[in-house]
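Asks: sequence and predicted structure are below.
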Amino acid sequence: MSEHDTPRPEAVLDTVRRAQDTPDERQPYAELGMKLDEYERVREILGRRPTSSELAIYSVMWSEHCSYKSSKVHLRQFGTKAPASEALLVGMGENAGVVDIGDGWAATFKIESHNHPSYVEPHQGAATGVGGIVRDIMSMGARPIAVMDALRFGAADAPDTRRVLPGVVEGISHYGNCLGLPNIGGEVVFDPCYIGNPLVNALCVGLLRKDQIKLATAPGPGNKVVLFGALTGPDGIGGASVLASATFEDESQAKRPSVQVGDPFMEKLLIECCLELYQADVVVGIQDLGAAGVSCATTELAAKGTGGMNVRLDLVPLRDPSLRPEEILMSESQERMMAVVTPDDIDAFMAICAKWDIPATVIGEVTDGGRLVMTWHGETIVDIPPGTAADEGPVYERPFHEPAGQA
């Protein structure tokens, strides 16, 4: 090291106590995609400014991708206008819908888009779209049995279409083939309006016994919170928000990649591991980690359970030990799940994970205190009501009009 080189100073850990003591410290809420009134609402909820980790959680959980803040007013109509049916076993609000198909069996299915990642990096964007929708089906307690896709691209002869389309098709087929899942149908449409904004929709269907449905909930104070599957790395940070183009500190590391990187062979092991865990009846609640990663899984599980959770964020197994708490919370590393397990079942749970070579770590515990509390090497960096992040994001009624061609 020359006399002109100086090591990068360690960033100050932004604890809850520090947030209380520095109410006027500037925070990059706008760079993280939040409007001023949204940021002020977070301050009102907490009674102080958020810590960097709390700001990361709210910015991504209140993002368009996670909260549906512009489409929620329309999507809610499906819950109010759909005719009642005894065949519907699980409706809106869970990871996937479940329908009774007779003889004690149920089908679960969901379709979800992975549009922008597929434009930025077509192969991985589309592949991880398949991986994510498969994990939604797994989290319902089902075995995934098939996938489908619906694609929209710009004009067929456009240079950008020729760049995006081959990678998307390869990504979908590669991930599904590695899992052994047949692609049973799909469609593709070309139209100039999709130049620069392709639509990549992936659907997965699964099969399960109707008395074995699993839900994303964390009941039972004292139950353990287990993170299992792939290790957490820097890939995907900013996939749901704009974290990849903003920093919490001027000296932050170079921008993290905003498109997730998938490992379908790990996911195949994860499928078999989850099915054996369900068969052994050692899972109280379960959630897959997709958009918003640990932020989403902890807030949603706690909000739907007995109201609270304590998490030691420094126990999260990392591929990159340089990751800071904010980045761990936002990482969208693929092939990860979070489960709630009773203390009596934890040894059996861990043994099944070990059998399938799936890393598993207890990172926290369910509480009934109504707060999601996270610590980093003993320091409290998150202390929030989980429902405010998971369920109480802003809702907007955007202007709309009927396209001229449909009038």
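Replies: All right, it came through fine.

Asks: right, and residue 308 touches residue 371 too?
Replies: Yes - in terms of CB atoms under 8 Å, residue 308 counts as a neighbour of residue 371; the distance is 5.2 Å. For every residue, glycine as well, the C-beta is placed using N, CA and C.

Asks: so these two - more neighbours on which side?
Replies: Neighbours of residue 308 and residue 371, each counted by other CB atoms under 10 Å, are more numerous for residue 308; the result is 20 against 16.

Asks: what's that one sitting at in phi/psi?
Replies: Summarising the backbone geometry of residue 308 under the convention degrees, to the nearest 10, its torsions are phi -150, psi 160.

Asks: cool, residue 266 as well?
Replies: Its backbone dihedrals place residue 266 at phi -60, psi -40, with angles given as degrees, to the nearest 10.

Asks: can you pull the contacts of it?
Replies: With contact taken as CB atoms under 8 Å, 6 or more residues apart in numbering, residue 266 is in contact with 229, 230, 334, 335.

Asks: of these - the most surrounded one?
Replies: Counting by other CB under 10 Å, residue 334 has the largest number of neighbours within those, with 29 neighbours.

Asks: three-state assignment of that one?
Replies: Of the three states, residue 334 takes coil under DSSP: H, G, I helix; E, B strand; the rest coil.

Asks: gap between the helix or strand of the chain with the lowest mean pLDDT and the chain center?
Replies: Ranking every helix and strand in the chain by mean pLDDT, DSSP states H and E puts helix 77-81 at the bottom, with a mean of 79. For helix 77-81, the distance between its averaged C-alpha position and the chain's averaged C-alpha position is 25 Å (CA atoms, centre = their mean, to the nearest Å).

Asks: which of the contacts of residue 266 sit farthest apart?
Replies: Taking CB to CB, the two most distant members of those are 229 and 334; they sit 8.5 Å apart.

Asks: report the buried residues of stretch 149-162.
Replies: By neighbour count on 16 or more other CB atoms under 10 Å, the buried set for stretch 149-162 is 149, 150, 151, 152, 153, 154, 158, 161.

Asks: hang on, isn't the second one packed against residue 198?
Replies: So that's residue 150. No - taking contacts as CB under 8 Å, residue 150 lies outside contact range of residue 198: 11.2 Å.

Asks: on that earlier part again, quick check: neighbours shared by residue 308 and residue 371?
Replies: In the contact map built from CB under 8 Å, 6+ apart, the residues linked to both residue 308 and residue 371 are residue 386.
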